[in-house]
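> the sequence and its predicted three-dimensional model are supplied below.
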Amino acid sequence: MDPTAVTCLFVIILEAIAGFFMNGFIVLVIFCNWLKEGITASVNKILVALSISNMCFAAMSLASLLIAFISLIVSLYSITSCSWLTACLCFFHFIKIVHFTGGFLARVKVQIDALVPRLILVAEVVSLCSGFIAALICVAQNQRIFTNTSVVFTANRRNVIDILLSLFQRVFVVILIFNLVPFFIMTITTFCTIGFLKMHIYRIQRSIGSSSNLKTHQSAASTMTKFLLFYLVFYLGALTYPFMYVELPYYSFYIYLVLSPAFTTLQSVLLIHANPRFKEALRFCLNLRNFDFQKNL
């Protein structure tokens, strides 16, 4: 990092901490005198209010630096966490549905319920690391770009857009790398599960038998397929947009902002649709709401 930027950051943090504690000292002294004497001068009330305002300003000055960095980490962590946990869900269905005659996967099948908390822990740790690394890259690239005054003040609009797109692409490459593994897990487990179910159905038809869990397994495989297609569309859109931004109309950015939060909504719809308990609870809530509405009428 640039020594000037590091020095500036250190001075800002030191000033904010010093201002916070010095104003806190003023409030503490006045408060102790009030406890001792039982009464305080009117000017001290103004000083307390002023010192508290100064403390808030110092705290927010420091928080504004940290919030931007932390919010970036949380945002990048959330995206990767969704991918890894969806991959864990697909892997769980794969292990539960597919029959293994022996080997490593057969031992995993026996212990899968005990391994679920460990899978979640690994997914969260990897997601947090990816978000932190991507955030560091983003901060480093931001500093390199915006501390170069010749670029900022002399570049035309096209050059500035190219610089910002290059920054976004670098960060996205890191996120894409961390998300490729869970996407491959989703792909492999989904196709293996579908293949196993097709062979299982074929064996049932030949033996003229039946399976009580067949519908449940087919529903799980259908959910895995929907998740795979959902993430495929999401990754393709997120990957192509930075490279097509310049050629797209200006309002495409607002469309991108509107569609981005829909990721969580659509995934929750898939989860509710795939689980009979969720659907039954949703029907109950909707019926209860209609009942209350009709009763009030």
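Nice, I can see it.

> so residue 125: helix, strand or coil?
Under DSSP: H, G, I helix; E, B strand; the rest coil, residue 125 falls in the helix class.

> need the pLDDT of it.
Residue 125 is assigned a pLDDT of 89 by the prediction.

> what distance do you get for it to residue 94?
Relative to residue 94, residue 125 is positioned 22 Å away (CB to CB, to the nearest Å). Heads up, the C-betas are built off the backbone N, CA and C, glycines and all.

> which one's more surrounded, these two?
Taking other CB atoms under 10 Å, residue 125 and residue 94 do not tie; residue 94 has more neighbours (24 against 11).

> and the helix or strand harbouring that one, what does it pack against?
Assigned by DSSP states H and E, residue 94 falls within helix 42-97. In this structure, helix 42-97 makes packing contacts with helix 3-37, helix 104-146, helix 157-207, helix 214-244, helix 262-274, judged by 3 or more CB pairs under 8 Å, 6 or more residues apart in numbering; DSSP states H and E.

> only C-alpha atoms, please: export stretch 34-45 in CSV.
C-alpha atoms of stretch 34-45 as CSV (Å, rounded to 0.1, in the frame of the first residue of the first chain):
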residue,chain,number,x,y,z
TRP,A,34,-22.8,15.8,39.8
LEU,A,35,-22.8,12.6,41.8
LYS,A,36,-20.7,14.3,44.5
GLU,A,37,-22.5,17.6,44.8
GLY,A,38,-26.0,16.5,43.7
ILE,A,39,-26.3,19.6,41.4
THR,A,40,-24.5,21.0,38.4
ALA,A,41,-24.2,24.3,36.8
SER,A,42,-26.2,25.1,33.7
VAL,A,43,-23.1,25.6,31.6
ASN,A,44,-22.1,22.1,32.4
LYS,A,45,-25.3,20.8,30.9
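
> can you pull the buried residues of that stretch?
By neighbour count on 16 or more other CB atoms under 10 Å, the buried set for stretch 34-45 is residue 44.

> with stretch 221-229 instead?
Within stretch 221-229, the residues scored as buried using 16+ other CB under 10 Å are 221, 223, 224, 225, 226, 227, 228.

> next: stretch 273-280.
Judged by neighbour count using 16+ other CB under 10 Å, the buried positions of stretch 273-280 are residue 274.

> contacts for it?
Residues outside stretch 273-280 that contact it (CB atoms under 8 Å, 6 or more residues apart in numbering): 219, 220, 222, 223, 226, 271, 272.

> let's go with 7 Å and repeat that
With contact meaning CB atoms under 7 Å, 6 or more residues apart in numbering, stretch 273-280 is reached by 219, 223, 271, 272.

> do the same with stretch 14-32
40, 44, 47, 48, 51, 52, 54, 55, 58, 59, 61, 62.

> what sits against the fifth one?
So that's residue 51. By CB under 7 Å, 6+ apart, residue 51 lies in contact with 23, 26, 27.

> from residue 72, how far out is the residue nearest to residue 187 when sequence neighbours are not counted?
Nearest non-adjacent residue to residue 187, counting by CB to CB, 6 or more residues apart in numbering: residue 228, 6.1 Å away. Residue 228 sits 28 Å away from residue 72, going by CB to CB.

> quick revisit: ok and the helix holding residue 94 relative to helix 262-274, angle-wise?
Interaxial angle of helix 42-97 relative to helix 262-274 (axes from the mean of the first three to the mean of the last three CA atoms, to 10 degrees): 50 degrees.

> any idea how far helix 42-97 is from the middle of the chain?
On the basis of CA atoms, centre = their mean, to the nearest Å, helix 42-97 is displaced by 12 Å from the centre of the chain it belongs to.

> now for residue 112: which residues touch it?
By CB under 7 Å, 6+ apart, the contact list for residue 112 reads 92, 95, 96.
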